[in-house]
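1. I need the structure of the sequence given here:
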Amino acid sequence: MEVSGPEDDPFLAQLHRVQCPVCQQTMPAAHINSHLDRCLLLHPAGHAEPAPPRAKRRRPSESSALKQPATPTAAESSEGEAEEPDDGGETESRESYDAPPTPSGARLIPDFPVARPGSPGGKGAGQRPAAAAAGSASPRSWDEAEAPEEEEAAGDADGEDDAGRWDADSAATFEASGGRPHARVPAAEEVRQLLQGKPLADTMRPDALQDFVGQGRAVGPETLLRSLLEANEVPSLILWGPPGCGKTTLAHIIANNSKKHSVRFVTLSATSAKTTDVRDVIKQAQNEKRFFKRKTILFIDEIHRFNKSQQDTFLPHVECGTITLIGATTENPSFQVNAALLSRCRVIVLEKLPVEAVVTILMRAINSLGIHVLDSSRPADPLGHGSNSSSEPSVFIEDKAVDTLARLSDGDARAGLNGLQLAVLARLSARKAFGKKSGQSYPPSRVLVTESDVKEGLQRSHILYDRAGEEHYNCISALHKSMRGSDPSASLYWLGRMLEGGEDPLYVARRLVRFASEDVGLADPSALTQAVTAYQGCHFLGMPECEVLLAQCVVYLARAPKSIEVYSAYNNVKACLRSHQGPLPPVPLHLRNAPTRLMKDLGYGQGYKYTPVYSEPADQDYLPEELRGVDFFKQRRC
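-> You can find the predicted model right below:
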């Protein structure tokens, strides 16, 4: 094939481009002959097949920021050669057309950008935002479907870059990418765009039960709840669990499943919703049920924030089936939810996510972002030196960083995902600032997220503790039982859990005073003195100085001998008094006080023996006659 035109002039040849009739690539006219020699060897029969006609394109907007170069008509073209105006010339937009085929069977392609679905320049399904942005900014798109694989392997440098400009930099980029123009925006910038906006924890929320991990005991494959949810028979539920365990995610999955069965799903938050909002939802649910036989599921996040009267609003409507209530709470529903409402709902206990489940969730997010996990067990080049592959992942994270993030999350998937997001964004921002400082148009596109970056991105207190909730009572109970079991190490641990979680030190000191009398008792009478002194010291010093005083007292009480003799005997007395039938027996006369003459005449104090004047124990009864012979230290009941 011969191309007529001014190819004898190298400068003019750079301004004229033609299309290869075999592989449909557009290139400078000066390169067409050498390109065809190689192309025909790779595609011996390709030149005989005409290219399929392209559909007509719509007229580009004249207000577009990108002016397109003019395309000559078929008459103005010379044997398949397309001319373009000078670099500074621009023409107004005009109607596109189907170019006539060349003698070889191929047709000319106007210099309009053609964005096809699925191509990097088009807005195809599954395309990342950064790739779409890069494609929309490029005047010419690279059609992966039309690029021959053999051309990629040959590393042909006769192609044209995505901007339609053929210069030294573009040629170098084209050759380095194996005959394929690489994106103007680095892949690291794509990751940044994906992470900006919504939190990663919300972006990665699964939509199906099979993707819901870490709660096999509650919604595992063989559980009753799983069967009900898959059959769209959703009962009223109270989802109870710590933060980040999947309560809202499970409700989100139920919502997606409900849409498939035309079930109305309404979400309210008890932190912002009012009683009027709840009544409006219930009223609409009544209309939906009456006129359309349509069910309504009402999800209340943080339902414990509703007071008792607000919770009573749900009772009759849950009872009659107007709504199906799903409540999520981090507090013990036994204390925070009305007993009447609790009896109408099934309580689903969600536990802290194990480390393996958090790792699975983190790896799912890492793969979706295109981040490559760097195996620390074998040497690697994390910065990608010596590699020109544009498809190589540009953001790396150490595998030990993923494990550390999963462990530090303390079973909180939300904290883990948000920590990953912060760590990656911090590294990308640091590299971008470095690139601008060094004068690069784009920062270095390959970054490495290390274990230290993850720890810095997850700066939070990992102690789940609520001074007014269930964890408050759980920790003080654990402290009490550890001291009773004479385990000073465990006792110090639970003391630290409480103090580091923000517990009032005076509350802990009061409990230690009680323990000194109840569990140590007369086995070590000085224990009570230690506890009272510790309380006074906490009152004088306050936190954090008083924590050592409490630690000393806790260790002393844990190591002290134990005796509940006094505690048990007094409980026997209380049981005797509460179980007594009829009026309580009167105080014996010889034990009564007689401050007046009348009382002495009535026999008060008569026959009392003053024991200090006796050398031996006096024979005298001190219990009422009905209880004579009872020993509360040896028997529980009188």
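2. residues touching Thr313, list them.
-> Thr313 is in contact with Thr275, Val278, Arg279, Ile282, counting by Cβ atoms under 8 Å, 6 or more residues apart in numbering. All C-beta atoms are positioned from the backbone trio N, CA, C, and that covers glycine.
3. Just the buried ones out of those residues, please.
-> Val278, Ile282 (16 or more other Cβ atoms under 10 Å).
4. give me the low-pLDDT residue ranges for the stretch 451-600 of the chain?
-> Low-confidence segments of the stretch 451-600 of the chain, defined by pLDDT under 70: 457, 459-469.
5. brain fart, the chain
-> When residues are selected by pLDDT under 70, those of the chain lie in 1-16, 43-188, 377-393, 432-445, 457, 459-469, 636-638.
6. From the contacts of Thr313, pick the one nearest Asp631.
-> Thr275 (59.6 Å; Cβ to Cβ).
7. Spit out the contact partners of the closest one.
-> Residues in contact with Thr275, defined by Cβ under 8 Å, 6+ apart, are Gln310, Thr313.
8. ok, it to Leu268 distance?
-> Taking Cβ to Cβ, to the nearest Å as the measure, Thr275 falls 11 Å from Leu268.
9. sorry, back to before: next, give me the two most distant ones among the contacts of Thr313.
-> Thr275 and Ile282 (10.4 Å).
10. ok so, going back, sitting in strands, which of the contacts of Thr313 do you find?
-> Assignment to strands by DSSP state E places none of those there.
11. Is Pro617 located within a strand, as I assumed?
-> No: looking at Pro617 with DSSP: H, G, I helix; E, B strand; the rest coil, it is coil, so not inside a strand.
12. What is the burial count for the closest residue to it other than its chain neighbours?
-> Using Cβ to Cβ, 6 or more residues apart in numbering and skipping residues adjacent in sequence, the residue nearest Pro617 is Thr611, 7.1 Å away. Neighbour count for Thr611, taken as other Cβ atoms under 10 Å: 10.
13. cool, and Glu356?
-> A total of 11 residues lie near Glu356 under the criterion other Cβ under 10 Å.
14. which element is it on?
-> Following DSSP states H and E, one finds Glu356 within helix 355-369.
15. hang on, the residue nearest to Pro617 packs against Ala618?
-> Yes: between Thr611 and Ala618 there is a contact under Cβ atoms under 8 Å: 4.9 Å.
16. just to revisit the earlier point, Lys259: which of the contacts of Thr313 is nearest?
-> When those are compared against Lys259 (criterion: Cβ to Cβ), the nearest one is Ile282, at 20.6 Å.
17. List the residues that contact the closest one.
-> Remark: with contacts taken as Cβ under 8 Å, 6+ apart, Ile282 is in contact with Leu298, Thr313, His317, Thr322, Ile323.
18. what's the spacing between it and Ile300?
-> 12 Å.
19. before we move on, what about Val424?
-> Relative to Ile300, and taking Cβ to Cβ, Val424 is found at 34 Å.
20. next one: Leu557
-> Distance from Leu557 to Ile300, by Cβ to Cβ: 44 Å.
21. Pretty sure Trp240 sits against Phe335.
-> No: using Cβ under 8 Å, Trp240 is not in contact with Phe335, being 11.1 Å away.
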